[in-house]
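S.K.: Following is a predicted model, sequence given first.
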Amino acid sequence: MSSLPATSLTICSRNRPALLLDTVESVLRGEEVPTEIVIVDQSDKLHPILPSLIFDRHCEIRYFWSQTVGVGRARNIALSEARHDLLILTDDDMFMESTWFGSLVRALCKAGPRTVVTGMVLQADGETTNGFAPSIKANQMRAIYKGRINQDVLYTGNMAMYRSVIDDIGLFDERLGAGARFPAAYDNDFGYRLLEAGYHILYAPESTVFHRAWRPDRDYARLRWNYGRGQGAFYAKHLSLRDTYMLRRMIWDVVRRSIWLLLYLIRGHLQLAYGEFRYIHGTFSGASEWLRTQE
């Protein structure tokens, strides 16, 4: 197995110290590890272990306790602090397959600097009654996306890119994403900007992480509302009178989700139906507020 180039793995977190530590340890148990792990922790308190954690692997852990708020802001800080040109992103509630890191980096190196790689995200076993994990991608087929594809395919919980991507299209939009005014879709916005700039997004299912199902089902409707708010803001950000592409995407998304809402009602899946209703309502809320308040 050939050695990997120098890499920076970035992880962001807020008030989930146990999950964060588990994620870091999962990375460090892998067959191959990054050159450094850059952690940006927006928690109310300093993590009790990570600032001084020493692990018997050739990987430097750099911990930054930040008083900022918002995952987009945290991602940008982490990327700015990262020392290497190959940048890997994950979330603080993931378990990694032992081969994950090496396969993700090799896929990026093979694809080249004009491609961003994203991998498979499976739901781990539930950790609470009816626990669930959002943002799952379980397709077994390798795929490459380019141009206007009418879907969101980038998963920042399992992602790799060259630093030159940021130099070209910029950082994450800090108005979007968890903790921001519009609490989702910062990843969808970044992926759309990539494709519009002529980059490719490669889906490499051999690079697999497991998204921990720690959220209880009572959080489902609230999360769907937040996702809809962010998605609506993302649509509104890219609306144009001269180019109706994003308007058509938004309309189709609402129609598709309305169909699913009706199907869920017919089948008696009331929680799922209510989740779709909240998402649709959130989409209109986020879009209208963005158009009123953002330049």
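M.R.: The structure has been received and is ready for your questions.
S.K.: use CA for all of it now, contacts and neighbours both
M.R.: OK.
S.K.: Please, where are all the strands along the stretch 151-295 of the chain?
M.R.: 158-162, 200-213 (DSSP state E, counting those that start in this stretch).
S.K.: Can I get the longest one in PDB, CA atoms only?
M.R.: In PDB, the C-alpha atoms belonging to strand 200-213 read as follows (Å, rounded to 0.1, in the frame of the first residue of the first chain):
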ATOM      1  CA  HIS A 200     -16.900  17.500 -10.900                       C
ATOM      2  CA  ILE A 201     -18.200  15.800  -7.700                       C
ATOM      3  CA  LEU A 202     -17.200  12.100  -7.500                       C
ATOM      4  CA  TYR A 203     -19.200   9.800  -5.400                       C
ATOM      5  CA  ALA A 204     -16.900   7.000  -4.100                       C
ATOM      6  CA  PRO A 205     -19.000   4.500  -2.100                       C
ATOM      7  CA  GLU A 206     -15.900   2.500  -1.100                       C
ATOM      8  CA  SER A 207     -15.100   5.400   1.300                       C
ATOM      9  CA  THR A 208     -17.700   4.700   4.000                       C
ATOM     10  CA  VAL A 209     -18.600   6.400   7.300                       C
ATOM     11  CA  PHE A 210     -21.500   5.600   9.600                       C
ATOM     12  CA  HIS A 211     -23.700   8.400  10.800                       C
ATOM     13  CA  ARG A 212     -24.700   7.700  14.400                       C
ATOM     14  CA  ALA A 213     -28.400   7.600  15.100                       C
END
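S.K.: for that strand, which positions count as buried?
M.R.: Within strand 200-213, the residues scored as buried using 16 or more other C-alpha atoms under 10 Å are 200-213.
S.K.: who's in contact with M94?
M.R.: Residues in contact with M94 (C-alpha atoms under 8 Å, 6 or more residues apart in numbering) are L19, T23, G157, V209, F210, H211, R212.
S.K.: Between the residues you listed, which sits nearest R73?
M.R.: G157 (15.4 Å; C-alpha to C-alpha).
S.K.: neighbours of the closest one, just the number please.
M.R.: 25 (other C-alpha atoms under 10 Å).
S.K.: per-residue confidence for the residue lying closest to it once chain neighbours are set aside?
M.R.: The shortest distance from G157 to any non-neighbouring residue, by C-alpha to C-alpha, 6 or more residues apart in numbering, is to T90 (3.9 Å). As predicted, T90 sits at a pLDDT of 97.
S.K.: is it true that T90 touches S13?
M.R.: No - in this structure, T90 is not within contact of S13 by C-alpha atoms under 8 Å, at 10.3 Å.
S.K.: can you give me the helices in the stretch 1-150 of the chain?
M.R.: 17-28, 71-81, 100-111 (DSSP state H, counting those that start in this stretch).
S.K.: Those helices into TSV, with extra columns for distance to L171 and mean pLDDT?
M.R.: As requested, those are exported to TSV (distance: least, C-alpha to C-alpha, whole Å; pLDDT from 0 to 100):
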stretch	distance to L171	mean pLDDT
helix 17-28	23	96
helix 71-81	6	98
helix 100-111	19	97
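S.K.: Quick check: which of those has the most neighbours on average?
M.R.: helix 71-81 (a mean of 23; mean count of other C-alpha atoms under 10 Å).
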